[in-house]
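>>> Need the 3D shape of this:
(3 chains)
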Amino acid sequence: MKYAFYPGCVAKGGAPELYQSTLAVTKALGIELVELEGAACTGAGVLSERNPELADTLNARTFAMAERHGLPLMNICSTCHGVMCQANARMQKDPAYLERINTHLAPEGLHYSGKTVVKHLLWVLMEDVGIDAIKAKISKPLGDLKAAPFYGCYIVRPSWVLGYDEMPQRKRYLEDLIEALGAESVEYTGKDKCCGFPILTMNRDNSLKMTGTHVLEAQDKGADFMVTPCPLCHLNLDGSQVEASDAVKAHLDMPVLHLPQLVGVALGIEPKALGLHKNMVNTRRLVEQFAKL
Amino acid sequence: MIFEHDVLVIGAGMAGLRSAIEANRAGADVAILTKVYPVRSHTNAAQGGINAALGEGDSWESHAYDTVKGSDFLGDQDAIEILAQEAPSDIIELEHMGVIFNRDEEGRLGSRNFGGATHARTYFVADITGQAMLHVGYEQILKYKIPCYNEFFATSLILEGGEAKGCLAIELRTGEMHMVKAKAVIMCTGGVGRAFEPSTNALICTGDGMALAYQAGAPLMDMEMVQYHPTTLPSNGALLTEGARGEGAYLINSLGERFMQKYAPNMLELASRDVVSRSEQTEINEGRGINGCVLLDCRHLGEQVIRTKLSQIYDLAKDFSGIDLVKEPVPIRPGMHYIMGGIKTDVNGRTMLPGLFAAGETACISLHGGNRLGANSLLELVVFGRRAGAAAAEHAARSQHSGAGEKRLKQDDDTIRELLGREDKGEHAGPLRMELGRTMHENVGVYRTAEGLTKAIGLVAQLKERYRRISVGDKGQVFNTNLTAALELGNMLDVSEAICRGSLMREESRGAQFRLDFPDRNDEQWLKHTLAYKDGDSVRMDTLPVKITRWEPVKRTY
Amino acid sequence: MDVNLRVQRYDPAGDRKPYYEEYLLTGQPEGVTVLDALIEVRENVDETLGMRCSCRSSICGSCAMRINGQATLACKTRVSSVAQPDGSVTVEPMGNMPVLKDLVVDFEIFWNKINDIGPWLKTEGPVPEREYIVDNEKMLNLIGTVGCIMCGACVSDCTVLAADPDFLGPAALAKAYRFVGDPRDAHREERLADYVKDGGIWDCTHCYYCVEVCPKGVAPMEWILELRREAEAAGHTNHNGVRHSKVFAESVKEAGWLDEAKLAMESMGSLKEKLSLVPVGLRSLLHGKMPPTGPLHYKRPGADHVKRIFEELEAKE
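Residues are numbered from 1 along each chain as shown, chains lettered A, B, ... in the order given. Purely as a prediction, here's the structure:
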């Protein structure tokens, strides 16, 4: 199993623990990664808002790089994933548009045929590795722990761009994975809502209230921690949790794990190697619980 | 509570909104009362467009004649002349208000072909013309700050000295009975499709305004003229626009024949609706249908046309029949769609009850006579909504408010309380309505006979008898839709009786009325309208000659 | 087929809080919609069920409700397409609007927002004798927003409205574009000035919920983004949203990837806002994960090609 690996900006910037834990987990599961060092930012929806063709071109460039390796592409960010799937769908639907985009890639000697398969790590785990193979490698089933899944908008909507019509099981991948790892998945309404991060600099009050509401709901439903496949959600849920507590006038103390951190724990990888100490909300108590598993 | 306005418009479809705008412009304090919200009304369902002789080479006379011919010479020609003459300026006004009509290459209004029309004079907004117009009408209501009593259900008209002076209405949100006094009332409550099962009509089309006017003494005219639309979906009766055939779609039978070649060799699929519906029904009856349907075939129009100009029906066929119009023909059948008859009015919307005006489907001027042409209904709403609004404002200016008070309010309140207070042991409105609908469809549909009509009259009378003893299961005050369903059924029963009686009385076949026992048009005896008056518990019928200005009746062929 | 509806009920007269009631209908036709089933319940099983419905053809906008947790039109939803493995379909009233009874919500909130955007065409100058001459493409473009039937599904499920009832919300803002994008409207400038205020276009998180639930394919969010482009082009640039968007583009243009810290800092228009970032910045430092910023924000391999692509395509803006 081999992928062209697209880590995205945040895993190389503000969330190094995501990058670190991804490498650790893929290694443990025998997934080979070829990192696309020269790939640019997907635009995170911000660039496509300004200039759709520009954003699509940057993504076509990344897809072309994967194609040159002859590999499917794997990313580790719900936002990158959604943006890439949308760009891919636009280009695949309109060959003339794809050709125009290719003219922008030509000076670099790149060409995109429209065929690159884009998968988030979550989809790779559930569709390519498979639950059974993961289960076979679990050394620390997560026992009595309760995990609240938090998807991030772009890996769930618009559903028709993400193939949910053909694969409705994608709606429950996080829950299914959590349960496969031995933990209990907490049902709550916030799991597919917006974390508020995109408007943190535009309307901080709303942004923090959104994050605070979801964390509080997970906390009220008895979650021991939250888990997300989106580092941008993580920035708000984890990074801004202190401020979010004030926004919802409640004491929030909810560790938020990146998806590969959670898988890594169950695979028996050391918390330190997964960068759990780098999470903003203190994970010490959780790490102690993991140690007892 | 008791409210007062100069003019009260009941109903918030396009006729209601347009008349309110006009009354407001004339300086009247006007309010709208609706049992739903303004943008929910059934004007939405008009997909194809709105007619006007605006194009080069077209003339109002041509539009008028097509309408007269379409009506099978039953339409009053003075009214039709007004309709055709005023259509261009009313459409231009709609455009100025904001309707985003499709354009031609020069950026001018672009038109399409429609049934029964000799010119491409149908102006349109994709296949959501009614919706686009209705929403613009609502925008204008907001612009002029015209007050709306939303989700108020009118229970009766206030009558004083033989004049209409407002209405009583239940506020659905609270269940409270209110009185809205007005010096003039405009009835714009739409049709009565729910008296038929199936029907293309919305669940709210229950003939409330017709019934209220009729109960107050105003006559209903030409009620036998019930239009069956040629292309409705069998699953839920949903309408597929005539615009599809306007764009070139075919009708084919089980043998793959374009059967309209037999019935209307010149106009083919674009003959008038009564002709096409009857042709379809004949094909089906003679064994060339498929499960009670024939097929509408759009495939040769190509994906581009289907997706841009017919996108709504593309979705409807997909959602309700599971068919992709780009790839397959869709089964359709004639379905009850529209009533040409209604509260008799003059060309200014005046009914025969002073102070009461009417416009839109609920009125009968008569423009459509025996058969309405597609895209003339939206036009009627704006032309005659405007005229009714102006006339009502004028009437209000020289009229006084009613002296009615709490006592009158209590009358209706007591009626409702009595109904709600009955022990829940009687029959319920839902099943009774279903029986009514089936009775009307079976006996007062595309083909009629004296025998069937007599049977229907008997069944409706029985239903009325059973209706007296119905009970209401929901005893609550807030949003009691069960109560309103019961009141609506009462209205539909009265109107249905008038439909049956009109149909039995008219011993000829004309337009939408096809009597197997009188298969020919009979101009000698029946170049006249039927009138139905409520006379206690029965119906008194009368007739009125058709107004002919310049077009003598001739045989109608397409 | 059998239909098993789980309907949220609430009668303000007698119930302290909402509860669920199950209705099992047998022998329903295969194509039965959720609305057909609810009507069957109301007419033949339980007359007290409160709901709004009218056209049955997804054009009047009356019957929006939450089906299995997501707002949509009941008349458009076939039971067979939404039934859970156990055969059940959960039906609840829409969100973000208070429940009046059962599936009926208080819609005034929705209408007020529509009214707030000045929803009528405002022309100026002499009225032409005939129609305004306008490009058909521009009219066709507006059909995307005019297709809105005001059913409220987007407002129900808007994630921002859940946090902030003052947000104008997706339906009203899509309607706002209908006028901004209309060449006949003469008040484009003041409209945009109004829509960039708090509670307007910059408060949308582009979470795609409105795009997902809109039963008419209006995709309100896309029109909000269109309004942002229009507002920026019209000179409404003194906004954190515009700064955010510009700094984002600049940083990717220069280095091929995002300078997160710079983005956060330079998006903020006031010193007070910049200071609000200090705690999170300090926490990042303490956890050893301050992203490389400013001069430390290195260029990705091939960054010159990224810059070239930017230059080529920005010229086309």
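>>> Next, count neighbours for whichever residue of the stretch 351-500 of chain B sits closest to chain A.
In the stretch 351-500 of chain B, the residue that lies nearest chain A is B:Phe479 (25.7 Å; CB to the nearest CB). Using the backbone N, CA and C atoms, a C-beta is placed for each residue, glycine as well. The tally of other residues near B:Phe479 (other CB atoms under 10 Å in any protein chain shown) stands at 24.
>>> Just the pLDDT for C:Glu317.
Note for C:Glu317: predicted pLDDT of 66.
>>> do B:Arg433 as well
Per-residue pLDDT puts B:Arg433 at 97.
>>> who's in contact with it?
B:Arg194, B:Ala485, B:Glu488, B:Leu489, B:Met492 (CB atoms under 8 Å, 6 or more residues apart in numbering or on different chains).
>>> quick one: which of these has the most company?
B:Met492 (31 neighbours).
>>> which SS class is that residue?
helix (DSSP: H, G, I helix; E, B strand; the rest coil).
>>> Can you verify my assumption that it contacts B:Ala211?
Yes: applying CB atoms under 8 Å as the test, B:Met492 and B:Ala211 come out as touching, 7.4 Å apart.
>>> okay, now B:Thr449: neighbour count?
15.
>>> right, I mislabeled it, should have said B:Thr362
32.
>>> How about the one 4 residues further on?
Around B:Ser366 sit 25 other residues, with neighbours defined as other CB under 10 Å.
>>> do A:Gly70 as well
By other CB under 10 Å, 8 other residues sit near A:Gly70.
>>> and the residue of the stretch 1-150 of chain C found nearest chain A, what is it in contact with?
For the stretch 1-150 of chain C, the residue closest to chain A is C:Gly69, as judged by CB to the nearest CB, at 7.7 Å. Neighbour list for C:Gly69: A:Thr189, C:Thr90, C:Glu92 [criterion: CB under 8 Å, 6+ apart].
>>> out of the residues you listed, which is most surrounded?
That'd be C:Glu92 among the contacts of C:Gly69, by other CB under 10 Å, with 23 neighbours.
>>> so what are the domain limits for chain C?
Here the domain parsing of chain C from automatic domain parsing is C:3-105, C:108-233, C:240-314.
>>> which one of the ones you listed lies closest to B:Met260?
domain C:3-105 (25.3 Å; CB to CB).
>>> got the end-to-end distance for the closest one?
One end of domain C:3-105 sits 24 Å from the other (CA to CA, to the nearest Å).
>>> What average pLDDT does that domain get?
The model assigns domain C:3-105 a mean pLDDT of 95.
>>> just stretch B:12-19 next, same as before
98.
>>> Check which residues of it are buried.
Judged by neighbour count using 16 or more other CB atoms under 10 Å in any protein chain shown, the buried positions of stretch B:12-19 are B:Ala12, B:Gly13, B:Met14, B:Ala15, B:Gly16, B:Leu17, B:Arg18, B:Ser19.
>>> ok, now stretch C:17-27?
Neighbour-count burial for stretch C:17-27 [16+ other CB under 10 Å]: C:Tyr23, C:Leu25.
>>> Can you give the distance of that stretch from its chain's centre?
From the chain centre to the centre of stretch C:17-27 is a distance of 30 Å (CA atoms, centre = their mean, to the nearest Å).
>>> CA atoms only for that stretch, dumped as PDB, please.
C-alpha atoms of stretch C:17-27 as PDB (Å, rounded to 0.1, in the frame of the first residue of the first chain):
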ATOM      1  CA  LYS C  17     -41.200  19.100  26.600                       C
ATOM      2  CA  PRO C  18     -41.100  17.400  23.200                       C
ATOM      3  CA  TYR C  19     -41.400  13.600  22.900                       C
ATOM      4  CA  TYR C  20     -41.400  11.100  20.100                       C
ATOM      5  CA  GLU C  21     -44.400   9.200  18.900                       C
ATOM      6  CA  GLU C  22     -44.200   6.200  16.500                       C
ATOM      7  CA  TYR C  23     -46.600   5.500  13.700                       C
ATOM      8  CA  LEU C  24     -46.500   2.300  11.800                       C
ATOM      9  CA  LEU C  25     -48.200   2.400   8.400                       C
ATOM     10  CA  THR C  26     -48.600  -0.800   6.500                       C
ATOM     11  CA  GLY C  27     -49.300  -1.400   2.800                       C
END
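>>> and the gap between B:Gly302 and C:Glu30?
31 Å (CB to CB, to the nearest Å).
>>> cool, B:Gln281 as well?
The value you get for B:Gln281 to C:Glu30, if CB to CB is used, is 26 Å.
>>> out of the two, which sits in the busier spot?
B:Gln281 (21 against 10).
>>> Excluding chain neighbours, give the residue nearest to the more buried one in space.
B:Val446 (4.7 Å; CB to CB, 6 or more residues apart in numbering or on different chains).
>>> wait, isn't the one you found in contact with B:Ser279?
No: shown here, B:Val446 and B:Ser279 do not form a contact pair, counting by CB under 8 Å, at 10.2 Å.
>>> can you list the domains in chain A?
Domains of chain A are assigned by automatic domain parsing as A:2-120, A:131-292.
>>> residues in contact with A:Glu217?
A:Tyr188, A:Thr189, A:Gly190.
>>> switch the cut-off to 10 Å
By CB atoms under 10 Å, 6 or more residues apart in numbering or on different chains, the contact set of A:Glu217 is A:Ala148, A:Val186, A:Tyr188, A:Thr189, A:Gly190, A:Lys191, A:Lys193, A:Ala223, A:Val248.
>>> Next one, pLDDT for the residue nearest to the last one when sequence neighbours are not counted please.
Put plainly, it is A:Val248. The shortest distance from A:Val248 to any non-neighbouring residue, by CB to CB, 6+ apart, is to A:Gly212 (3.4 Å). At A:Gly212, the predicted lDDT confidence score is 98.
>>> Next: B:Tyr558.
pLDDT, B:Tyr558: 88.
>>> and if you look at B:Cys188?
98.
>>> Next, give phi and psi for it.
Main-chain dihedrals, B:Cys188, degrees, to the nearest 10: phi -140, psi 50.
>>> I figured it was touching B:Ala20, is that so?
Yes: applying CB atoms under 10 Å as the test, B:Cys188 and B:Ala20 come out as touching, 8.7 Å apart.
>>> Now the common contact residues for the two.
B:Val9, B:Gly11, B:Ala12, B:Ile32, B:Gly385, B:Gly389.
>>> Which ones among the residues you listed map onto helices?
B:Gly385, B:Gly389 (DSSP state H).
>>> with the shared contacts of B:Cys188 and B:Ala20 in mind, which one is nearest to A:Gly264?
Nearest to A:Gly264 among the shared contacts of B:Cys188 and B:Ala20, counting by CB to CB, is B:Ala12 at 61.0 Å.
>>> That closest one and B:Gln140 touch, don't they?
No: the criterion here is CB under 10 Å, and B:Ala12 misses it with B:Gln140 at 11.9 Å.
>>> what's the overlap in contacts for the two?
With CB under 10 Å, 6+ apart as the test, B:Ala12 and B:Gln140 both reach B:Ala20.
>>> Is the helix or strand of chain B with the lowest mean pLDDT positioned near chain C?
Least confident helix or strand, chain B: helix B:311-321 with a mean of 87, by mean pLDDT, DSSP states H and E. Yes: on the criterion CB under 10 Å from any CB of the partner chain, helix B:311-321 is in touch with chain C at B:Ser311, B:Gln312, B:Ile313, B:Asp315, B:Leu316, B:Asp319, B:Phe320, B:Ser321.
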